[in-house]
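Engineer: with the sequence up front, the predicted model follows.
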4 protein chains.
Amino acid sequence: MPENEFQSIEGKFPVQLHWGDCDPAGIIFYPTYFRWFDAATWALFASVGYPAKRMRAEHLAMPLVAADCEFKAPAEQQDRAEVRSRIARWGGKSFVLRHEVVREDGMLLARGSETRVWGRYVGGLGTPLKGLEIGEELKVLFRAR
Amino acid sequence: MPENEFQSIEGKFPVQLHWGDCDPAGIIFYPTYFRWFDAATWALFASVGYPAKRMRAEHLAMPLVAADCEFKAPAEQQDRAEVRSRIARWGGKSFVLRHEVVREDGMLLARGSETRVWGRYVGGLGTPLKGLEIGEELKVLFRAR
Amino acid sequence: MPENEFQSIEGKFPVQLHWGDCDPAGIIFYPTYFRWFDAATWALFASVGYPAKRMRAEHLAMPLVAADCEFKAPAEQQDRAEVRSRIARWGGKSFVLRHEVVREDGMLLARGSETRVWGRYVGGLGTPLKGLEIGEELKVLFRAR
Amino acid sequence: MPENEFQSIEGKFPVQLHWGDCDPAGIIFYPTYFRWFDAATWALFASVGYPAKRMRAEHLAMPLVAADCEFKAPAEQQDRAEVRSRIARWGGKSFVLRHEVVREDGMLLARGSETRVWGRYVGGLGTPLKGLEIGEELKVLFRAR
């Protein structure tokens, strides 16, 4: 782990692969992993006091700058797994999340990251987003103890 | 056709079935038809002067009350088809759309309907929706000539 | 309940609404309900001895003939609910499932049905499907006790 | 462009952003870009003589090793764009695709890549995949003239 890696709590988001998430090869259609990453990120924020209702009420958002994923082993229908998510790094107005998808037998299925901006809709929902300086009071919520 | 069927224009919305829209049986995953119905409805409204940008600017919406579909023949990857959409009936604040999905060789793949409310977000986007009386000035836009 | 309604066990399939399942109105994009119905059906069959792995190994499938849904109340991001599924009726080679989506506070969000064929890929996966006579040995697995 | 970049033809795959592909912020839900990349890749292969039907008949597949995307500008409902796809590099049994999503006014919305294996299901569909050596006869189909 690089030295500047943030010592983050780890969210655990349970998922299961469904029939409609698979492709004609009988394995996971890969954008499904990114759907899981996104839901896992929202769950991580909910776990520290930022559930969707609060985000919406305060016009907060965290749109994506970049995302990537390596696919390590094919998931099959009804496989159960866990998305393990942590904050890897904080920037001024952005941050990086690391996600690992681990099947219930311990097999690593996929590993990836998301880079997101922390921002607010200046004129309410549906108006342009303005990046916010990420302060210590936000970071501390994600610090491992 | 029942006598009270509205004489509607017919929208034609082109679609193609992609790898990720298919399931392990190698055919269309059925919620895909409903995704197509929804997009076809928005396209039909755009074609008569209600594109998404106007809907959003005027805080208009058309949420669903009910939807159904009969699946007639299995679509396969890269099949091209057309969703043919028409207004079947107008209620006071709601309306019914009929959709047919016809493959390029003329084969009927699916047929269904959506019942929607015509409404406005009273306090702007994200606030509760209020049904609006559907006036003649809206209906006339969809009347076949 | 009609007299010819089959006395079915009831499957309970937990779901949660995610950011990406919502639309710009901030509520559930309706095909999501059908994705949930489909996953709930597979889970119901798994619960009586037909998990996906067995279905695949025996080349069994249950493609759709029809599906419908009534939308009763709008679901919002991170809402938790349960899909309650039962066999409503058995035909010769087909069957009907009823699904209700109930939010954790007891609110009925949606109610619908699926009509499916019980069949087998005659030449293995990816080959045409042949409907199978549904015997007592299958029905008994779903009978409420 | 690095010197070892393959001189590839460029596929142009038209897309439109639909209501259900947007999130509560009113912009594209990011996994949609990866759905588009996947469909664009299949279209690129179809354009050089490998349509889905042939891939299926010959038990060929091209599962993912990795994927990434940078999001440059937010797409909105009913925006039309084009996915421009090319082969960036050939490995022994794998290859890299570059994708750019360009809105009809020329604005770059997103840019990413996919790394895929070229393989065959050794025992037919649904059986394990074996990577194939990528020969000149495949590469030449994608060479710009």
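Structural biologist: Happy to help now that I have it.

Engineer: what residues are up against the nearest residue to residue A:103 once chain neighbours are set aside?
Structural biologist: The spatially closest residue to residue A:103, leaving aside those adjacent along the chain, is residue A:81, at 4.7 Å (CB to CB, 6 or more residues apart in numbering or on different chains). Heads up, the C-betas are built off the backbone N, CA and C, glycines and all. For residue A:81, the contact set (CB atoms under 8 Å, 6 or more residues apart in numbering or on different chains) comprises A:14-17, A:75, A:101-104, A:109.

Engineer: over to residue A:79?
Structural biologist: When contacts are counted by CB under 8 Å, 6+ apart, residue A:79 touches A:16-17, A:103-104.

Engineer: please apply the same query to residue A:13.
Structural biologist: Going by CB under 8 Å, 6+ apart, residue A:13 touches A:36, A:39-40, A:43-44, A:82-85.

Engineer: which one of those is nearest residue B:61?
Structural biologist: Nearest to residue B:61 among the contacts of residue A:13 is residue A:39, at 24.6 Å by CB to CB.

Engineer: thinking again about what came up before, assign the residue nearest to residue A:103 to helix, strand or coil.
Structural biologist: What DSSP: H, G, I helix; E, B strand; the rest coil gives for residue A:81 is strand.

Engineer: and it, how far from residue C:31?
Structural biologist: From residue A:81 over to residue C:31 the distance is 24 Å, taken as CB to CB, to the nearest Å.

Engineer: next: residue A:20.
Structural biologist: From residue A:20 across to residue C:31, the span is 10 Å (CB to CB).

Engineer: next, the contact list for the residue nearest the centre of chain A, please.
Structural biologist: Nearest residue to the geometric centre of chain A (CA atoms, centre = their mean): residue A:41, 2.9 Å. Residue A:41 is in contact with A:62, A:85, A:97, A:99, A:114, A:116, counting by CB under 8 Å, 6+ apart.

Engineer: can you do 10 Å?
Structural biologist: Residues near residue A:41 by CB atoms under 10 Å, 6 or more residues apart in numbering or on different chains: A:11, A:13, A:62, A:64, A:83, A:85, A:87, A:97, A:99, A:114, A:116, C:19.

Engineer: and stretch A:49-57, how far out from the chain middle?
Structural biologist: Offset of stretch A:49-57 from its chain centre (CA atoms, centre = their mean, to the nearest Å): 16 Å.

Engineer: swap in stretch A:106-117?
Structural biologist: 8 Å.

Engineer: same question for that stretch, mean pLDDT?
Structural biologist: For stretch A:106-117, mean pLDDT rounds to 98.

Engineer: could you dump that stretch to PDB, C-alpha only?
Structural biologist: Extracted C-alpha coordinates of stretch A:106-117, given in PDB (Å, rounded to 0.1, in the frame of the first residue of the first chain):
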ATOM      1  CA  GLY A 106     -13.100 -15.800  -1.000                       C
ATOM      2  CA  MET A 107     -12.300 -15.600  -4.700                       C
ATOM      3  CA  LEU A 108     -11.500 -12.100  -6.000                       C
ATOM      4  CA  LEU A 109     -13.900 -11.400  -8.900                       C
ATOM      5  CA  ALA A 110     -13.000  -7.800  -9.800                       C
ATOM      6  CA  ARG A 111     -11.100  -4.800  -8.500                       C
ATOM      7  CA  GLY A 112     -11.400  -1.200  -9.500                       C
ATOM      8  CA  SER A 113     -11.600   2.400  -8.600                       C
ATOM      9  CA  GLU A 114     -13.800   5.500  -9.000                       C
ATOM     10  CA  THR A 115     -12.700   9.100  -8.900                       C
ATOM     11  CA  ARG A 116     -15.400  11.400  -7.800                       C
ATOM     12  CA  VAL A 117     -16.000  15.100  -7.200                       C
END
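
Engineer: does any bit of it sit next to chain D?
Structural biologist: Yes. Legend: contact between stretch A:106-117 and chain D by CB under 10 Å from any CB of the partner chain is shown at A:110-116.

Engineer: most surrounded residue in the residues you listed?
Structural biologist: Neighbour tally across these (other CB atoms under 10 Å in any protein chain shown): the maximum, 27 neighbours, falls on residue A:110.

Engineer: partners of it in the sheet?
Structural biologist: residue A:71, residue A:101 (DSSP bridges).

Engineer: so what's the residue in chain A that chain D sits nearest to closest to, chain neighbours aside?
Structural biologist: For chain A and chain D, the shortest gap (CB to the nearest CB) falls at residue A:68, measuring 3.5 Å. In this structure, residue A:68 finds its nearest non-sequential neighbour in residue D:68, 3.5 Å apart by CB to CB, 6+ apart.

Engineer: same question for residue A:138.
Structural biologist: Ranked by CB to CB, 6+ apart and with sequence neighbours excluded, the top spatial neighbour of residue A:138 is residue A:118, at 7.3 Å.
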